[in-house]
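# sequence-free structure coming up:
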Ligand SMILES: Cc1ncc(COP(=O)(O)O)c(C=O)c1O
């Protein structure tokens, strides 16, 4: 245990503070018995003493501590002539100044702008990307994370040894985890289950705890990640929830840093700002600052199709970190001039293009912003300067957006030759797009739907098709299983299908080669087909046989 004793109202340097496990204060050189007892109680391996520059108080307090038998180091620039057993160390570093930050937290912000001239080669305007993935913790969210913790400490809402609880999709978590690691807070993060596994492992690497909750439930559901985070904040003593969806420090951090940086970096020439909207902190804060400098600047949101910002109902999509199913307080609609809806396919394929053509490994939501910027850029001329935000790096998505197999499984990539889509098209002439049943339908009605459409398998869905993602599929039913259940207990016929359904069918991508279905149907009796993440149909063994023999 290292103890730091601060004499008088001296402000000790950060370097000494972080090296101490405990900081004690004394008004003057006379040490109170309570302070001595406090030092003794912690069996210090070293007691550091610092006091007002050029005065004798610290030396006197240090000598007193030494006389009580403690190992003492006196930090001073005016060492006593007779140290009398005290270890003396310089308080200030007198060598030439070095270019070094006191902590990683001091390196957040000041990210560079880079031209996207290859991706934007058909545009007349300047297309510039703000590289937020170069932040200390790897994303735009470092900025609000540090600002929210600083403000909570100032307001006394977060005390030493306290716990930070936050519902976060990952990046805010990393920012908070860095502050927590550095300042010794416990961290508990709550996130939806659609997140890439790397993101969860990353937070755990910083020592944080992660609680994973289902994606496809309403925010008010007790199992939603918002509800779980609120419950944990109430239950854990000393817990504080920064709440990035409400905390004014979130947009304010961008008013103070990101906005002025962009204004300065573009010499005030920016005409359009494009950003994805998660909490809305970035677009609201940057937009507010930029409009305060020039009200003509156009603020453009890039939004996953299905999210509320671009007029959707919040139904799920696959791009991570942006889009919402509710309106957060941190989003100011009055600042945003236009919101461009972007499909998952366009987001992911654009992210992959930026990586391959510009050599910049960007995340899926960066792809959303680039796609929207290219869209608005088509209408602009050489005097226009478009700045877009790349929130994070593609490193967090190597097993999704940058994994060809994952992309093919979800129907984002297409193989050469015959594909799953060819089998489905052959069959779909006779069927409605996706024969399905809802969770609350009675088994009796489910069986008659199967008869009516002459199908042997069906997905059980949570929402009305067209479905947005496979998370809207709750399970599956097979005619044969329902029959045998009904045969052994006729009462089953009047129970909701949710009580008897099987797990969802395995899925294949529309563009995958036919042999993928062949091997999937080895172990399953049917598969669900995904087109750009959207469930669009079911294929059974007989569909496959019909296709193979019909050729
Ligand atoms: C990957 C990613 N992109 C974009 C954003 C959106 O930023 P904001 O919450 O400031 O709207 C986030 C926020 O979590 C994110 O994680």
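Everything's here; your move. Keep in mind it's a predicted model, so treat the numbers as computed, not measured.
# what's around residue 519, how many residues?
9 (other C-beta atoms under 10 Å). Every C-beta, even on glycine, is put in place using the N, C-alpha and C of the backbone.
# In which helix or strand does it reside?
helix 514-523 (DSSP states H and E).
# Remind me what that helix packs against, helices and strands.
Under the contact definition 3 or more C-beta pairs under 8 Å, 6 or more residues apart in numbering; DSSP states H and E, helix 514-523 sits against helix 420-428, strand 507-509, strand 526-531, strand 534-540, helix 541-550.
# Kindly present the ones you listed as CSV, with separate columns for distance to residue 289 and mean pLDDT.
CSV is the format used below for the helices and strands packed on helix 514-523 (distance: least, C-beta to C-beta, whole Å; pLDDT from 0 to 100):
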stretch, distance to residue 289, mean pLDDT
helix 420-428, 47, 85
strand 507-509, 43, 93
strand 526-531, 41, 93
strand 534-540, 38, 92
helix 541-550, 57, 86
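# In TSV: the ones you listed, plus distance to the ligand and mean neighbour count.
What follows is the helices and strands packed on helix 514-523, written out as TSV (distance: least, C-beta to the nearest ligand atom, whole Å; neighbours: other C-beta atoms under 10 Å):
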stretch	distance to the ligand	mean neighbour count
helix 420-428	30	19
strand 507-509	24	23
strand 526-531	23	23
strand 534-540	22	23
helix 541-550	38	14
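# can you list the residues of the stretch 101-250 of the chain near the ligand?
Proximity of the stretch 101-250 of the chain to the ligand (C-beta under 6 Å from any ligand atom) is limited to residues 140, 141, 169, 171, 172.
# And the contacts of the helix holding residue 519?
408, 417-420, 422-423, 506, 508-509, 527, 539-541, 544, 547-548 (C-beta atoms under 8 Å, 6 or more residues apart in numbering).
# Apply 10 Å and report the result again.
Here helix 514-523 makes contact (C-beta atoms under 10 Å, 6 or more residues apart in numbering) with 405, 408-409, 415, 417-424, 505-509, 512, 524, 526-529, 539-541, 543-545, 547-548.
# for the record, mean pLDDT for that helix?
Helix 514-523 shows a mean pLDDT of 88.
# Now it: buried residues?
514, 516, 517, 520, 521 (16 or more other C-beta atoms under 10 Å).
# One more: stretch 27-44?
Result for stretch 27-44 [16+ other C-beta under 10 Å]: buried residues 29, 31, 35, 36, 39, 44.
# between these, which is closest to the ligand?
residue 44 (42.5 Å; C-beta to the nearest ligand atom).
# hang on, isn't that closest one packed against residue 2?
Yes: Residue 44 is in contact with residue 2 according to C-beta atoms under 10 Å; the separation is 6.5 Å.
# could you redo the buried residues of stretch 27-44 as a markdown table and give each row distance to residue 289?
Formatted as a markdown table, the buried residues of stretch 27-44 follow (distance: C-beta to C-beta, whole Å):
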| residue | distance to residue 289 |
| --- | --- |
| 29 | 49 |
| 31 | 50 |
| 35 | 47 |
| 36 | 52 |
| 39 | 48 |
| 44 | 48 |
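# roughly how far out does the helix or strand containing residue 261 sit from the chain middle?
If you go by DSSP H and E, residue 261 is part of helix 259-265. Its chain's C-alpha centre and that of helix 259-265 lie 24 Å apart, by C-alpha atoms, centre = their mean, to the nearest Å.
# Partner strands of the helix or strand following that helix, with direction?
Remark: after helix 259-265, the chain's next helix or strand is strand 272-276, criterion DSSP H and E. Partners of strand 272-276 in the sheet, by DSSP bridges, are strand 298-304 (parallel), strand 385-390 (parallel).
# Tell me which of the ones you listed sits nearest to the ligand.
strand 385-390 (7.4 Å).
# Please see if the closest one touches the ligand.
No: for strand 385-390, no contact with the ligand is found by C-beta under 6 Å from any ligand atom; the gap never falls below 7.4 Å.
# Would you mind checking the average pLDDT for that strand?
The average pLDDT for strand 385-390 rounds to 98.
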